[in-house]
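Sequence and predicted structure are below.
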Amino acid sequence: MHKILIATDSFDQVNGVSTTYRNILKHSRKKTYVIHPGLFKWKSISMYPEVQLCCEPYKAYKKIKEINPTHIHIGTEGPIGLAARVYCKLNKVPYTTGYHTKFPEYLWKLAHIPLFITYSYLKVFHNDSKAILVPSQSCKEELNKKGFKHVVVWTRGVSKNLISNKPHCKSKIPKIIYVGRVSKEKNLQVLCELQGKFEITIVGEGPLLNKFKLKYPKVNFLGYRFGSALADTYKSHDVFCFPSKTDTFGIVMIEALANGLPVAAYNVTGPKDIVAHGKTGYLGNDLEENIRKCLKLNRNSIASNINQQWSWNKCVQILHSHLLS
């Protein structure tokens, strides 16, 4: 009998990694356990107070041994992920890994740590796994070029409670929304600088929230919203804007599309794997132009197409097919 363990350094936070693993637990029909920093002593870091770093990797190792899984999926590359990887190596347990975040690019942008150092670490960490599960085709191609092996595209889904049934009323001043972390790597200042041209709403929190509130007084900063409240917030806006250039996917984009919002973004990994240019959104170097073009798209056709394309059940099936094969 299969006993699956997911080892992740992100589970209690509000981000795409946590969303993915919580939904896998919810939709998996096989016995599945999870270990994460919240089960042990952890500390946050100054740049990202919401990040939990496990201070007891040895206890995490002992917890894995206690569960005695037949298969392990290592979701992240932090202390919990390292403990799981060591366990797999010492006990010859088959495992897959997940690649969710462009940490090399983030660390370069935040601390100027050279890319070759972090990519060298990631290559060592991932390359002995049965499959490196990545969220998009362009992310797979990027890793293949860097010498990563066994890279597999892994889909995502939209929970039903994040799709609003309320009607949409188009406003006189276009209402633009972004949902996600308010931090440096998300490139949000490009959107916020359009505050005089659109009504801009930002849902989420992060290290730059207070600074941005002062700098961009016309922008509506709502903090966190969840479930039906978040769905209704999506639905009440005209365009979803995703200014990040360093994400591997962006689950918030498919949540927005599921509510009929076209997506304006740059033509980079993540948006170009999700957005059908000219049909469900616009991609290009001019974010304002992309937003204005999005306002002319048909919302009804956007929602119907996207809901057939993304599924958490399919996400679980892909994980099981590579982990348990």
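That came in fine, so what should we check first? Quantities reported herein were computed from a predicted structural model and do not represent experimental measurements. Numbers count the residues shown, from 1 in each chain.

And the contacts of stretch 27-41?
1-12, 21, 24-25, 52-56, 59-60, 63-64, 67, 69, 79-80, 84, 312-313, 315-316, 320 (Cβ atoms under 8 Å, 6 or more residues apart in numbering). Glycine gets a C-beta too; all of them are placed from N, C-alpha and C.

measure it end to end?
The straight-line separation of the ends of stretch 27-41 (Cα to Cα, to the nearest Å) is 28 Å.

need the helices for the stretch 101-250 of the chain, in chain order.
Using DSSP state H, counting those that start in this stretch, the helices of the stretch 101-250 of the chain run over 103-111, 115-126, 137-145, 189-192, 209-215, 227-235.

list the helices and strands the shortest one packs on?
Meaning helix 189-192. If you count contacts as 3 or more Cβ pairs under 8 Å, 6 or more residues apart in numbering; DSSP states H and E, helix 189-192 packs onto strand 199-203, helix 209-215.

Likewise for the fifth one?
Packed against helix 209-215 by the contact rule (3+ Cβ pairs under 8 Å, 6+ apart) you find helix 189-192, strand 220-223.

so how far is it from its chain's centroid?
Centre-to-centre, helix 209-215 and its host chain are 24 Å apart (Cα atoms, centre = their mean, to the nearest Å).

any idea of the mean pLDDT in it?
Average pLDDT, helix 209-215: 96.

quick revisit: return the most buried member of the helices and strands packed on helix 209-215.
When those are scored by mean count of other Cβ atoms under 10 Å, the highest mean neighbour count falls to helix 189-192 (a mean of 18).

centre of the chain versus it, how much separation?
Taking Cα atoms, centre = their mean, one finds the center of helix 189-192 at 20 Å from the center of the full chain.

do the same with stretch 81-92
The chain centre lies 25 Å from the centre of stretch 81-92; the measure is Cα atoms, centre = their mean.

who's in contact with it?
5, 7-9, 35, 54, 57-58, 60-61, 64-65, 72, 74-75, 93-95, 97, 125, 128.

separation between the nearest residue to Cys294 once chain neighbours are set aside and Arg22?
Leaving aside its sequence neighbours, Cys294 sits nearest to Pro262 (Cβ to Cβ, 6 or more residues apart in numbering; 3.8 Å). In this view, Pro262 and Arg22 are 27 Å apart by Cβ to Cβ, to the nearest Å.
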